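Enquirer: Predicted coordinates and the sequence they were generated for:
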Amino acid sequence: MTTTVTTRPAVSVAGLRKTFGTKTVLDDIDLTVTEGTVFALLGPNGAGKTTMVRILATLLPADGGSVRVAGHDLARDPDGVRASIGLTGQFAAVDRLLTVQENLRLMASLHRLGKSAGAHRVDELIERFDLAESAKKPVSLLSGGQQRRLDLAMTLVGSPRLIFLDEPTTGLDPRSRHTMWQIVRGLVADGVTVFLTTQYLDEADELADRIAVLDHGRIVVEGTPDELKRRIPGGHLLLRFADPAAHRAAATVLDVTQKDDDALTLQVASDGGVTSLRAALAALERAGIEPADLTIHTPDLDDVFFAFTGAGLEEKR
């Protein structure tokens with residue numbers, strides 16, 4: 001399967017503002033989400049992530065700014081926006097008394113797909129989301145992971161090209177979370193754009209092409225996961241040597257930040273990039289020294305989150 005890569009924006013936001021009473025929740029937000037990518041919006045609890053999604057999905061009016069979603073002006077053509085998007089919230093929005101199949105058929109009817117096309121779409125989604133064994137079971141008997149898969153399947157009945165996933169794996173076990181990740185990757189491979197909000201930083205690291213961190217109503221940093229991690233100090237190379245002589249010699253030719261004589265290791269500052277790695281290895285090669293082992297340590301998204309929001313560790317699920 002060939003995926004068409006574009007640089008067209010699926011979401012374009014300029015100067016977005018939203019207040020509730022005297023509290024400013026979104027303060028002059030600018031962001032762009034490229035078609036066929038995963039964009040993750042991170043932030044502490046109460047930072048405004050869900051408010052942002054609700055505005056972009058036409059569920060909440062903005063107080064200012066301009067927004068285009070899926071090629072439609074949000075203020076002038078909200079119906080066009082709604083016809084182009086899908087939304088899955090933090091909790092499964094399914095009828096627990098109906099079966100899996102009945103839930104999907106109801107959604108197909110709401111999308112006016114017609115009897116034949118609707119039945120075909122329902123069967124396709126049941127197969128795609130591995131719900132065949134549960135198709136005739138009431139939703140109340142499904143596991144949490146199955147319910148979230150059904151919720152996302154219902155979002156896809158109308159074949160939207162842009163999907164908002166607002167903390168889609170909240171409360172799921174690790175296996176169910178990884179299953180959802182595989183589904184998201186499959187959607188993007190088909191050209192669907194995913195706007196993801198999450199507090200699971202490993203989820204953003206696994207899935208997102210670009211990440212923006214929202215704090216106190218403003219975007220405080222944005223970039224690819226690797227770009228964001230490179231902006232945080234503390235990255236280093238850890239080199240281990242086979243004998244004390246090589247260890248001592250290497251310490252004289254490298255810019256060592258930490259030396260462990262017992263473990264025969266040296267720590268050298270590095271941004272984790274190829275350039276700094278090559279520089280360290282070239283210095284050792286010129287001196288005729290070869291390390292027994294080398295490990296690259298780079299900051300992770302937890303470090304990024306903490307550095308740019310100051311949020312306590314207890315806020316980073």
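Expert: Nice, thanks for sending it over.

Enquirer: Now for the closest residue to Asp27 other than its chain neighbours: which residues touch it?
Expert: Closest residue to Asp27 apart from its sequence neighbours, by Cβ to Cβ, 6 or more residues apart in numbering: Gly217 at 3.9 Å. All C-beta spots, glycine's among them, are computed from the backbone N, C-alpha and C. Gly217 makes contact with Thr24, Val25, Leu26, Asp27, Ile29, Ala47, Gly48, according to Cβ atoms under 8 Å, 6 or more residues apart in numbering.

Enquirer: Export only the CA atoms of the helix or strand where the third one lies, formatted as PDB.
Expert: Under the criterion DSSP states H and E, the helix or strand holding Leu26 is strand 23-34. Once non-C-alpha atoms are left out, strand 23-34 reads as follows in PDB (Å, rounded to 0.1, in the frame of the first residue of the first chain):
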ATOM      1  CA  LYS A  23     -10.100  32.300  33.800                       C
ATOM      2  CA  THR A  24      -8.200  32.300  30.500                       C
ATOM      3  CA  VAL A  25      -8.000  28.700  29.300                       C
ATOM      4  CA  LEU A  26      -6.600  29.200  25.900                       C
ATOM      5  CA  ASP A  27      -4.500  32.300  25.300                       C
ATOM      6  CA  ASP A  28      -3.500  33.200  21.700                       C
ATOM      7  CA  ILE A  29      -2.900  29.700  20.500                       C
ATOM      8  CA  ASP A  30      -1.200  29.100  17.100                       C
ATOM      9  CA  LEU A  31      -0.700  25.600  15.700                       C
ATOM     10  CA  THR A  32      -0.700  23.600  12.500                       C
ATOM     11  CA  VAL A  33      -1.400  19.900  12.000                       C
ATOM     12  CA  THR A  34      -0.200  18.400   8.700                       C
END
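
Enquirer: List of residues touching that strand?
Expert: 6-19, 39, 48, 51-52, 55, 62, 65, 193, 195, 209-210, 212, 214, 216-219, 222.

Enquirer: swap in stretch 188-196?
Expert: For stretch 188-196, contacts defined as Cβ under 8 Å, 6+ apart pick out 1, 3-4, 10-11, 33-41, 53, 56, 160-165, 168, 184, 187, 203-204, 207-208.

Enquirer: Quick check: PyMOL command selecting the buried ones in the residues you listed.
Expert: Selection of buried members from the contacts of stretch 188-196 for PyMOL, criterion 16 or more other Cβ atoms under 10 Å:
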select buried, resi 10+11+33+34+35+36+37+38+39+40+41+53+56+160+161+162+163+164+165+168+184+187+203+204+207+208
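
Enquirer: so how far is Lys115 from the residue in the chain sticking out farthest from the centre?
Expert: Outermost residue of the chain with respect to the C-alpha centroid, by Cα atoms, centre = their mean, is Ala245; its distance is 46.6 Å. Going from Ala245 to Lys115 by Cβ to Cβ, to the nearest Å gives 81 Å.
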